[in-house]
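Asker: Sequence and predicted structure below; questions after.
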Amino acid sequence: MRVYEKDSEFVASCPELDVYTYGQDAEEARRRLKHVIAFYANTAQDLGYKIDASELLANLQKTMPARSESFLN
């Protein structure tokens, strides 16, 4: 997960899935990204793809706090 601040909003992204969300603070952006990834995984599973949503979300837990205009892994 990458989180950065841009124009007074925080952007969270999952580059592996090319997914982006935003929030008023870093935590809101992360929370929204987790919801989007869970939806992504559930939809993929409905279509017959083998994706483990819990594994994707667990990897998101390994993030650092956001800093202004900085990309973080």
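Answerer: Arrived safely.
Asker: confidence score at the residue nearest the centre of the chain?
Answerer: Nearest to the geometric centre of the chain sits Leu33, at 3.4 Å (Cα atoms, centre = their mean). Here the pLDDT value assigned to Leu33 is 94.
Asker: What of Thr63?
Answerer: 51.
Asker: Which elements pack onto the lengthiest helix in the chain?
Answerer: Counting residues, the longest helix found in the chain (DSSP state H) is helix 26-46. On a contact count with 3 or more Cβ pairs under 8 Å, 6 or more residues apart in numbering; DSSP states H and E, helix 26-46 meets strand 2-6, strand 9-14, strand 19-23, helix 53-60. All C-beta atoms are positioned from the backbone trio N, CA, C, and that covers glycine.
Asker: Would you single out the least confident of these?
Answerer: Among these, helix 53-60 scores lowest, with a mean of 70.
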